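Asker: pasting the sequence and the predicted coordinates here, then a few questions.
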Amino acid sequence: MTRPDPQPCRPPRAAANQPYRLPPPLFDARCLGCWFMLGLALLVGLSFWSLDLQWASFLSARALADMGRFLGEFLPPERSPPFLDKLLWASAETLAMSALGTLIAAVLGIALALPASRSHRDAAAVARAPTRLLLNALRSVPELVWAALLLISAGLGPFAGTLALALHTTGVLGRLFAEAVENAPPGPGAALRSHGVGGLRVFLYATLPQILPQVVAYTLYRWENNIRAAAVLGVVGAGGLGQMLAFHMGLFHMQKTASILIAMFALVAIVDGLSYLVRRRLAD
Amino acid sequence: MSLAAPALRDPAWLPRLFWLSAGLVVLWPLLVLTEFRPAVLWAPENREPTLNFLAAFVPPAHGSEFLWLVARETWRTVAIATAGIALALLIAIPAALVTTRMLSISALAGRMAALPFVVRQLLRWLLIVLRSVPELIWALVFVRVVGLGATAGVLAIALTYGGMLGKVYGEILESGEGQVTVALLRNGAGRLQAFFYGLLPQNAAELTSYTVYRWECAIRSSVVLGFVGAGGLGQLMDGSMKMFAGGEVATMLLVFIALVALADRVSAWLRLQLG
């Protein structure tokens, strides 16, 4: 049984694509996207044009032979036990740097997230804008630049690296925590506040328990990132595997360099694999 | 009466105290391993240079010649990032097209055939390898081979970001609804046709916003690569730092923060436009 058409003589509907019309012109002065694509093409073109890229020295037969010889020097990777001991120690140092740096950052991040957020609707939050500015500044300077700066006051070694990781991560975590504080449901805090409970205890008993899951998740995520960062951070002299790498590479100890690269690679792969497993567990 | 009185003490204080002290015990080896001695910062041999260095921060260097140099190096930093991402796309787009299982013809019948499966898996592993070597390491190796210069930086960014973008593009393409693509493929459209008319329109916004985000990251990376001699703001900053020229470092830090903020703005605006 077919249903009767409610409007037997309505005009034919316009086709979704009108086949008789020409396609719109490729460039239209009112089309924001076109201008944007043009600008993008210009940016890419100018970038390639202004950099003195030496593809010839990269792709010539001699360069390729050089590259081959260079890679050949890596073999076989150094495997003497004392060196492996040192390598293990440096890996532990890298892990410790990342863990401690992240921990300090989490504590400082919470401490800075409070002034950087409007905890309730009527809060004056005078410190919000300046604290956010500080957090953005901390965040936009990469760990490696912080490490290079800190070498002056902390000297060579893992301490500078730890502080560098802590500073950059404070910026990142502080901002995320501040958003978590602002997005937390206001009810519990308001209930305590209306009973005259002070700011610190409102934070401890209302805000903190609410944002704690997010705090832990963000901190673990940054820790994962920081392990990767800590492995290379030492290149400027801030401890861990990176410092060993820069040292041996500078002295052209290519076989030792190969072992260090393998250790870095293994560390990153283990962290990647673990985080993948954990995330899959949590997702199920 | 004692029933009505509320407990004034935190009911969970014992577990809290326990976990806090357990944490401190774990913390101890970390402090030893990282040679965590904050007193070092205030030791006289470190305090003097630090204070001098910081005192030199004000006023930031603002000679016209130096500002011109900084402007040129800033452009180089952006250019290295942009060129690197452009080359990375040359790796990532074909790799994503090949690896995504949405465009597999043999998978339409149920299971993917053996050869396509092996090819996809091998390419995926290659992308993982490219991605997991940090760009700084690539740059160190390239600088050793071809000498200082922007080429090493561009290639390092291209390789690492090529792996990263390729993997994530593949994941984005696979995450969406596949009906349109499958319908096109079943009706005899080629894979590229199915991509352009099915997959791409569905995922264009997400793909673009991820690319923009990575471009922003690449600008940060390209500053870092300068420290190993790949040119740009990083190299200039490294030089000034070695000469303890606080004013110059201050100017460059300010420029750098502004640059990152600008990239942040641009990418936020783009994401807003894409909806």
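Answerer: Received it, and whenever you're ready, just let me know what you need. Numbering: from 1, shown residues only, chains lettered A, B, ... in the order given.
Asker: could you use CA atoms for every contact and neighbour count after this?
Answerer: OK.
Asker: list the contacts for the closest residue to A:Gly239 other than its chain neighbours?
Answerer: Distance criterion C-alpha to C-alpha, 6 or more residues apart in numbering or on different chains; nearest residue to A:Gly239, sequence neighbours excluded, is A:Pro158 at 4.0 Å. Going by C-alpha atoms under 8 Å, 6 or more residues apart in numbering or on different chains, A:Pro158 touches A:Glu93, A:Met97, A:Gly234, A:Ala238, A:Gly239, A:Gly240, B:Thr34, B:Glu35.
Asker: count of neighbours near A:Phe177?
Answerer: Neighbourhood size, A:Phe177 [other C-alpha atoms under 10 Å in any protein chain shown]: 27.
Asker: what pLDDT is listed against the nearest residue to it once chain neighbours are set aside?
Answerer: Nearest-residue entry for A:Phe177: A:Ala113, 5.7 Å, with adjacent residues in sequence omitted and distances by C-alpha to C-alpha, 6+ apart. The per-residue pLDDT reported for A:Ala113 equals 90.
Asker: quick check: phi and psi at A:Ala113.
Answerer: Per-residue torsions, A:Ala113: phi -70, psi -30 (degrees, to the nearest 10).
Asker: what does the stretch 1-150 of chain B put close to chain A?
Answerer: B:27, B:30-31, B:33-37, B:40-41, B:46-47, B:49-50, B:76, B:78-80, B:82-83, B:86, B:132-134, B:136-137, B:145-146, B:149-150 (C-alpha under 8 Å from any C-alpha of the partner chain).
Asker: and the next helix or strand past the one helix or strand B:Ala22 maps to?
Answerer: Using DSSP states H and E, B:Ala22 sits in helix B:13-33. Later in the chain than helix B:13-33, the nearest helix or strand by DSSP H and E is helix B:39-42.
Asker: how distant is whichever helix or strand comes after that following helix from the center of its chain?
Answerer: Counting by DSSP H and E, the next helix or strand C-terminal to helix B:39-42 is helix B:44-55. The chain centroid and the centroid of helix B:44-55 are separated by 33 Å under C-alpha atoms, centre = their mean, to the nearest Å.
Asker: for the residue in chain B positioned nearest to chain A, which non-adjacent residue is closest in space?
Answerer: Checking chain B residue by residue against chain A with C-alpha to the nearest C-alpha singles out B:Ala79 as nearest, at 4.3 Å. Nearest residue to B:Ala79, sequence neighbours excluded (C-alpha to C-alpha, 6+ apart): A:Ser47, at 4.3 Å.
Asker: where are the low-confidence patches of the chain?
Answerer: This is for chain A. Residue ranges of chain A with pLDDT under 70: A:1-27, A:284.
Asker: wrong chain, I was asking about chain B
Answerer: For chain B (pLDDT under 70), the answer is B:1-7, B:275.
Asker: for the helix holding B:Ala22, name the packing helices and strands.
Answerer: Other elements packing on helix B:13-33 under the criterion 3 or more C-alpha pairs under 8 Å, 6 or more residues apart in numbering or on different chains; DSSP states H and E are helix A:81-113.
Asker: now the very next helix or strand once past the helix it packs on: how far from the chain's centre is it?
Answerer: Following helix A:81-113 in sequence order, the next helix or strand is helix A:128-140 (DSSP H and E). Counting by C-alpha atoms, centre = their mean, helix A:128-140 is centred 17 Å from the centre of its parent chain.
Asker: next, the buried residues of helix A:128-140.
Answerer: A:Arg128, A:Thr131, A:Arg132, A:Leu135, A:Asn136, A:Ala137, A:Leu138, A:Arg139, A:Ser140 (16 or more other C-alpha atoms under 10 Å in any protein chain shown).
Asker: next SSE after the helix or strand hosting B:Leu200?
Answerer: Here B:Leu200, judged by DSSP H and E, is contained in helix B:200-226. Going down the chain from helix B:200-226, the next helix or strand is helix B:233-242, by DSSP H and E.
Asker: how many neighbouring residues does B:Gln235 have?
Answerer: For B:Gln235, the count of nearby residues is 22 (other C-alpha under 10 Å).
Asker: tell me the centre residue of the chain?
Answerer: Just going to use chain A. Nearest to the mean C-alpha position of chain A, by C-alpha atoms, centre = their mean, lies A:Asn225 at 6.2 Å.
Asker: that's the wrong chain, I meant chain B
Answerer: B:Cys217 (4.2 Å).
Asker: for the stretch 1-150 of chain A, give the residue positioned nearest to chain B.
Answerer: Taking C-alpha to the nearest C-alpha, the stretch 1-150 of chain A has A:Ser47 as its residue nearest chain B, at 4.3 Å.
Asker: neighbours of that residue, how many?
Answerer: For A:Ser47, using other C-alpha under 10 Å, the count is 22.
Asker: secondary structure element for it, which one?
Answerer: helix A:32-50.
Asker: what packs against that helix?
Answerer: Packing partners of helix A:32-50 (3+ C-alpha pairs under 8 Å, 6+ apart): helix B:64-99.
Asker: how about the helix it packs on: buried residues?
Answerer: B:70-71, B:73-89, B:91-93, B:95-99.
Asker: what's near enough to touch A:Thr257?
Answerer: Taking C-alpha under 8 Å, 6+ apart, one finds A:Phe74, A:Pro77, A:Leu245, A:His248, A:Met249 in contact with A:Thr257.
Asker: got it, and B:Gln202?
Answerer: Contacts of B:Gln202 (C-alpha under 8 Å, 6+ apart): B:Gly176.
Asker: coming back round to it: switch the buried residues of helix A:128-140 over to TSV; also include distance to B:Leu259.
Answerer: TSV is the format used below for the buried residues of helix A:128-140 (distance: C-alpha to C-alpha, whole Å):
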residue	distance to B:Leu259
A:Arg128	22
A:Thr131	20
A:Arg132	17
A:Leu135	16
A:Asn136	12
A:Ala137	11
A:Leu138	14
A:Arg139	13
A:Ser140	9
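Asker: ok, and which of the residues you listed reach chain B?
Answerer: A:Ala137, A:Ser140.
Asker: so which of the contacts of A:Thr257 are in helices?
Answerer: A:Leu245, A:His248, A:Met249 (DSSP state H).
Asker: quick check: closest non-adjacent residue to the last one.
Answerer: Closest residue to A:Met249 in three dimensions, ignoring its sequence neighbours and counting by C-alpha to C-alpha, 6+ apart: A:Thr257, at 5.9 Å.
Asker: so where does the one you found fall, helix or strand?
Answerer: Judged by DSSP H and E, A:Thr257 forms part of helix A:254-283.
Asker: hang on, the earlier thing: next, the buried residues of the helix holding A:Ser47.
Answerer: Under the neighbour-count criterion of 16+ other C-alpha under 10 Å, helix A:32-50 has A:Leu43, A:Val44, A:Ser47, A:Phe48 buried.
Asker: spit out the contact partners of the first one.
Answerer: The neighbourhood of A:Leu43, defined by C-alpha under 8 Å, 6+ apart, consists of B:Ala79, B:Thr82.
Asker: gap between it and A:Trp49?
Answerer: A:Leu43 sits 10 Å away from A:Trp49, going by C-alpha to C-alpha, to the nearest Å.
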